[in-house]
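**Q** Sequence and predicted model, in that order:
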Amino acid sequence: MTEVHHHISNPDSPQIEHRASESRRPFWPRNALLGAGALGILALSLVSGAAAWSASRHSDFSFDTNLAATPIAELADASSVGVTGQVAEIYGNKFVVTDGTARALVETGPAGEGGRLVSPNETVTVQGRFHDGFLHAAAIRHADQRVDELDPPPPPHHGPEEPVEAN
């Protein structure tokens, strides 16, 4: 490293020598490069996050008018089922529907919070996925033919319910 010597002359004071290092040049080119790199990483993170969020979304579900209603007594685990019946009871975001053969508990997710999605004694057709004794609703058609499309239920969990501990 080279040093530059500056001499300051003042007739009233002794001569003082100041040293300035050549490393004291402006840092803006290096800072600009670091800033541009940081912005690039941030942009890449945002794009990657958006792509991951989009990939994790379930495909949109719409009411299938061709799906035949299954009697509740005959429901079995299936990815796409439909039942028609009367709303017997409402419990927050869940309700019980009955069709004369049996009763089924319908899970509506966040859309049904507060129990305002259906009314007691209302006739509805519910389509969704039947799993573990619940009908996870994806769409509900009311007697007036209005359809409420809900967020599709998550896919069923496959694998052990709790981690297996090694002895």
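**A** Arrived safely.
**Q** For this protein, just list every one of the helices.
**A** Secondary structure of the chain, counting by DSSP state H: helices at 28-56.
**Q** Walk me through the domains of it.
**A** Using automatic domain parsing, the domain ranges for the chain come out as 3-56, 72-149.
**Q** Most tightly packed of those domains?
**A** domain 72-149 (a mean of 17; mean count of other C-beta atoms under 10 Å). Heads up, the C-betas are built off the backbone N, CA and C, glycines and all.
**Q** about what we covered before: between the domains of the chain, which one is closest to residue 65.
**A** domain 72-149 (8.7 Å; C-beta to C-beta).
**Q** what about that closest one, start to end distance?
**A** Distance across domain 72-149, first residue to last, is 21 Å (C-alpha to C-alpha, to the nearest Å).
**Q** for it, what is the average pLDDT?
**A** Domain 72-149 carries an average pLDDT of 91.
**Q** if we can go back for a sec, I'd like the domains of the chain as JSON lines, with distance to residue 66 appended.
**A** Output for those, formatted as JSON lines (distance: least, C-beta to C-beta, whole Å):
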{"stretch": "domain 3-56", "distance to residue 66": "29"}
{"stretch": "domain 72-149", "distance to residue 66": "10"}
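**Q** for the ones you listed, which one sits closest to residue 63?
**A** domain 72-149 (4.2 Å).
**Q** that older thread, for residue 62, find the nearest of the domains of the chain.
**A** Taking C-beta to C-beta, domain 72-149 is the member of the domains of the chain nearest to residue 62, at 6.3 Å.
**Q** Which stretches in the protein count as strands?
**A** Applying DSSP state E to the chain gives strands spanning 3-8, 16-21, 78-91, 94-98, 103-107, 123-131, 134-142, 147-149.
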